[in-house]
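Engineer: no FASTA, just this:
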């Protein structure tokens, strides 16, 4: 079933969108006007958008102990190479890996899945929308879909947080089965002190976010108007919160497509997970395998200083700070992110060859 068209940056937090509009109405109004004019000049075609949702493959459903059914897809690849297991972020779905999937398709085996309550996976109880649980889901996908061979874990935002939690709960797999890790635009903690809205302190933002979400859930018709197909408001907010200054409009529309799909109740279900986040201890375990860490200089969701903190604790990782890049860097600057993955794959292959040569 094709995704619905348009929508606000719901996965980044509808409450963030409301606050952004309140705090920067003049600038956003100018952007909105430009958007309307630009659409009259050069409108994205439906074909342009459909291509982003055209990469499909079969994969087994994974049913978790609490009854959530996780949707998975598997692309075939080389039998002796590591499998790439992708873990997407909050509010997105497995389609967010479009460019990386295309880059490695037919070359490496790739496994994708939708997080609980996201994409084609079924809804979770709210109290289980937490990082420890999504890490357990990751482990189950690893066991039931990926299998016993070598793996590189790739996580964006909440997906990176899940990988770090997984490292703490399953350290014995790092260096044995997990042979590489990529952390994209993510954080290991202290998000309770961060606000994506300039002028609103982090603790204030998190204190008002959940009550405001509850209020929005009581006026679904009004919210739906902002998420309607082709919403200019959705475009402006997604661009402001998800990307840097030079992003192509069709990439923003692509992200808006995904973000529009997540119900506001799910957005609210996950909010406490980020306030509780503390995964710094995991980085000692992650450091035992080849790693790449990439962050966007203009990321307002998991800011670049959070990337820098991770880099400080992973001194042997390849560290990349991408200029003029926002939170959705694997879309916006996909050549850089895919190139980083390609170099990570090469490092892992070299390590596998050395182990084979040594007879280990």
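Structural biologist: Arrived safely. The structure presented is a predicted model; accordingly, all values stated were derived computationally and were not measured.
Engineer: how would you label residue 182: helix, strand or coil?
Structural biologist: strand (DSSP: H, G, I helix; E, B strand; the rest coil).
Engineer: confidence score at residue 261?
Structural biologist: Per-residue confidence for residue 261 comes out at a pLDDT of 83.
Engineer: How about residue 238?
Structural biologist: According to the prediction, residue 238 has pLDDT 83.
Engineer: Mind telling me what element it is part of?
Structural biologist: Taking DSSP states H and E as the definition, residue 238 sits inside helix 232-242.
Engineer: Could you give me the buried positions within the next helix or strand after that helix?
Structural biologist: On the C-terminal side of helix 232-242, the closest following helix or strand by DSSP H and E is helix 249-260. Going by neighbour count (16 or more other Cβ atoms under 10 Å), the buried part of helix 249-260 is 249, 251-260. Backbone N, C-alpha and C define where each C-beta goes, glycine included.
Engineer: by how many degrees do helix 249-260 and helix 232-242 diverge?
Structural biologist: Angle of helix 249-260 versus helix 232-242, following axes from the mean of the first three to the mean of the last three Cα atoms, to 10 degrees, is 100 degrees.
Engineer: those strands in the stretch 1-150 of the chain, which residues are they?
Structural biologist: 62-63, 69-70, 72-75, 83-87, 110-113 (DSSP state E, counting those that start in this stretch).
Engineer: just to revisit the earlier point, report all helices and strands that the helix holding residue 238 contacts.
Structural biologist: Packed against helix 232-242, as judged by 3 or more Cβ pairs under 8 Å, 6 or more residues apart in numbering; DSSP states H and E, are the following elements: helix 14-23, helix 25-41, helix 249-260.
Engineer: Torsion angles phi and psi at the residue nearest the centre of the chain?
Structural biologist: Residue closest to the average C-alpha location in the chain (Cα atoms, centre = their mean): residue 89, at 2.6 Å. Torsion angles at residue 89 (phi, psi; degrees, to the nearest 10) stand at phi -100, psi -180.
Engineer: need the contact list for it.
Structural biologist: Going by Cβ atoms under 8 Å, 6 or more residues apart in numbering, residue 89 touches 11, 96, 155-160, 185-186.
Engineer: So what touches stretch 336-349?
Structural biologist: Contacts of stretch 336-349 (Cβ under 8 Å, 6+ apart): 81-82, 84, 99-100, 103-104, 108, 150, 152, 154, 179-180, 182, 184, 290-292, 294, 318, 320, 322, 325, 329-330.
Engineer: Just those: which are in helices?
Structural biologist: Within the contacts of stretch 336-349, residues falling in helices by DSSP state H are 99-100, 103-104, 329-330.
Engineer: Now these in CSV, please, with extra columns for pLDDT.
Structural biologist: Below are the ones in helices among the contacts of stretch 336-349 laid out as CSV (pLDDT from 0 to 100):
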residue, pLDDT
99, 97
100, 98
103, 97
104, 97
329, 97
330, 98
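Engineer: who wins for neighbours among those residues?
Structural biologist: residue 330 (30 neighbours; other Cβ atoms under 10 Å).
Engineer: Just give the nearest non-adjacent residue to it, would you?
Structural biologist: residue 337 (4.5 Å; Cβ to Cβ, 6 or more residues apart in numbering).
Engineer: What residues of the helix or strand where residue 167 lies count as buried?
Structural biologist: Using DSSP H and E, residue 167 falls within helix 158-169. Neighbour-count burial for helix 158-169, counted by 16+ other Cβ under 10 Å, picks out 158-168.
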